[in-house]
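Peer 1: Sequence unavailable; structure follows:
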């Protein structure tokens, strides 16, 4: 554990103890005097600011831990063979155009990587025939080249670190334009019967299809030719950072509130209801823009959490932004105990009713009828679909003296299990 993270965890625990004492004092002043002392309010605001800053560092440690848990070896614990990895990448790229790759290994991939960086610096107009040949495996018929897997992985990892949805949802990479599956919502009918009684036909379960198409996401970072000519510049890191910044902002918003038209569909966009599939149950707080008065304010949190079926509740996480978290921190149960608890160690998130809290800044602030809190098993509920490869087209003409790098990635996302998630609506 780094000293910085260790200090953040200690600050959270100390600040939350001070927060509870200050908030209790504020509530007592309101009860006895009809209003809180401005000094108490200012003290509480300072404690909350310190708590938020420390929690942000702790949340970053949680995401880093989750990222490491997603980087795995094979089922026997063996390292992935580099030649197999290179061939698998080349073959998946080839299958997009209806062909197959062979005789492509780590050596060839190293050659592709070297020439790809040369392409970013110089363009393919001034590259030799051998250099162009080395790039042929990743050539895109619409122009440009597919980013090699290590760099693509680093870009996606940077997006992952910024866009928490990828840390919690299910992610699948495909080589087609959509991922398809089935909603399995029914059970086979059965019944008890005597040894010699007739067996009547029972009901047959039905299946419904779902389909998640991929949509094109783009970034267009620019650099001067002089910058590109400087051999000290790490082109790989520069491009990965620039592209990741754009992709992360757009993806994060779309997975939460996207319309599904030319972009992924967000989990907050479905209507309220319990009819499956197609609706998500919304649990009202009973108060417009806030929680009910004590001691019943936390009832809606309990109702939403325990409205989940046991398998989804076992893997449940709370999702809300930091403004909502400030409001939730003040909620108590009927015995006067706070429902929110700080993480006690680095890599451990804060918890609400014993379940982890994830910071989703694209979720709305509490307001009339806002859907500001979600709870459930996001990995079971939401599917992210990546089409293999990030494509880069070098453009030295459009904005001289700048060279643009038109980068595209195809990604989709949608709910595939509507009962694995509950939403809390801040209204009656």
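Peer 2: Okay, I see it. It should be emphasised that the depicted structure is a prediction, and the values quoted were computed from it without experimental measurement. Residues are numbered from 1 along each chain as shown.

Peer 1: Can you list the buried residues in the longest strand seen in the chain?
Peer 2: Longest strand of the chain, by residue count under DSSP state E: strand 402-415. For strand 402-415, burial by neighbour count (16 or more other Cβ atoms under 10 Å) applies to 403-415. Every C-beta, even on glycine, is put in place using the N, C-alpha and C of the backbone.

Peer 1: tell me which element residue 46 is part of?
Peer 2: helix 38-70 (DSSP states H and E).

Peer 1: What distance do you get for residue 91 to residue 138?
Peer 2: 12 Å (Cβ to Cβ, to the nearest Å).

Peer 1: Name the residue in these two with the higher neighbour count.
Peer 2: Between residue 91 and residue 138, residue 138 has the larger neighbour count (other Cβ atoms under 10 Å), namely 23 against 16.

Peer 1: didn't that one look like it was pressed against residue 112?
Peer 2: Yes: contact status for residue 138 versus residue 112: in contact at 6.3 Å, counting by Cβ atoms under 8 Å.

Peer 1: related to what we said a few turns ago, may I see the buried residues of strand 402-415 organised as CSV, with pLDDT added?
Peer 2: Rendered in CSV, the data for the buried residues of strand 402-415 read as follows (pLDDT from 0 to 100):
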residue, pLDDT
403, 89
404, 90
405, 89
406, 91
407, 91
408, 91
409, 90
410, 91
411, 94
412, 96
413, 96
414, 97
415, 96
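
Peer 1: Let me know the closest of those to residue 318.
Peer 2: residue 415 (17.7 Å; Cβ to Cβ).

Peer 1: ok, what's across the strand from that closest one?
Peer 2: Going by DSSP bridges, residue 415 is paired in beta bridges with residue 382.

Peer 1: was I right about it contacting residue 276?
Peer 2: No: applying Cβ under 8 Å, one finds residue 415 not in contact with residue 276, separated by 10.5 Å.

Peer 1: what residue ranges in the protein are flagged as low confidence?
Peer 2: By pLDDT under 70, the low-scoring segments of the chain are 1-4, 64-82, 141-142, 158, 160-163, 184-188, 204-206, 231-232, 344-347.

Peer 1: so where do the helices sit in the stretch 201-350 of the chain?
Peer 2: Per DSSP state H, counting those that start in this stretch, the stretch 201-350 of the chain carries helices over the ranges 225-229, 235-257, 299-306, 310-314, 322-329.

Peer 1: got a markdown table for those, with distance to residue 182 too?
Peer 2: Converted to a markdown table, the helices of the stretch 201-350 of the chain look like this (distance: least, Cβ to Cβ, whole Å):
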| stretch | distance to residue 182 |
| --- | --- |
| helix 225-229 | 49 |
| helix 235-257 | 22 |
| helix 299-306 | 27 |
| helix 310-314 | 18 |
| helix 322-329 | 35 |
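
Peer 1: Of all these, which one comes closest to residue 117?
Peer 2: Comparing the helices of the stretch 201-350 of the chain by Cβ to Cβ, helix 235-257 comes nearest, at 5.4 Å.

Peer 1: if we compare the helices of the stretch 201-350 of the chain, which one ends up closest to residue 40?
Peer 2: helix 322-329 (16.1 Å).

Peer 1: For that closest one, buried residues please.
Peer 2: Neighbour-count burial for helix 322-329, with 16+ other Cβ under 10 Å as criterion, is recorded at 322, 324, 325, 326, 327, 328, 329.

Peer 1: Distance to residue 244 added to the residues you listed, as JSON lines?
Peer 2: What follows is the buried residues of helix 322-329, written out as JSON lines (distance: Cβ to Cβ, whole Å):
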{"residue": "322", "distance to residue 244": "22"}
{"residue": "324", "distance to residue 244": "26"}
{"residue": "325", "distance to residue 244": "26"}
{"residue": "326", "distance to residue 244": "29"}
{"residue": "327", "distance to residue 244": "31"}
{"residue": "328", "distance to residue 244": "30"}
{"residue": "329", "distance to residue 244": "32"}
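
Peer 1: Centroid-nearest residue for the protein?
Peer 2: By Cα atoms, centre = their mean, the chain has its centre lying nearest to residue 165, at 1.1 Å.

Peer 1: Would you list the phi and psi of that residue?
Peer 2: phi -60, psi -40 (degrees, to the nearest 10).

Peer 1: Report the contact partners of the nearest residue to it once chain neighbours are set aside.
Peer 2: Distances taken as Cβ to Cβ, 6 or more residues apart in numbering place residue 255 nearest to residue 165, at 4.2 Å, with adjacent residues excluded. Applying Cβ atoms under 8 Å, 6 or more residues apart in numbering, we find residue 255 in contact with 163, 165, 169, 264, 266, 267, 362, 382, 384, 413.

Peer 1: returning to what we had before: run the angle between the helix holding residue 46 and helix 322-329 for me.
Peer 2: Helix 38-70 and helix 322-329 meet at an angle of 110 degrees, taking axes from the mean of the first three to the mean of the last three Cα atoms, to 10 degrees as the criterion.

Peer 1: ok, the nearest residue to residue 253 once chain neighbours are set aside - contacts?
Peer 2: The shortest distance from residue 253 to any residue other than its chain neighbours is 5.0 Å, reached at residue 362 (Cβ to Cβ, 6+ apart). By Cβ under 8 Å, 6+ apart, the residues touching residue 362 are 252, 253, 255, 256, 257, 321.

Peer 1: For the first one, the count of nearby residues, please.
Peer 2: As a burial measure, the neighbour count of residue 252 was computed by other Cβ under 10 Å and equals 20.

Peer 1: Which strands or helices does the helix or strand where residue 159 lies pack on?
Peer 2: Taking DSSP H and E as the definition, residue 159 sits inside helix 149-162. Here helix 149-162 touches helix 38-70, helix 82-95, helix 106-122, helix 165-168, helix 235-257, going by 3 or more Cβ pairs under 8 Å, 6 or more residues apart in numbering; DSSP states H and E.
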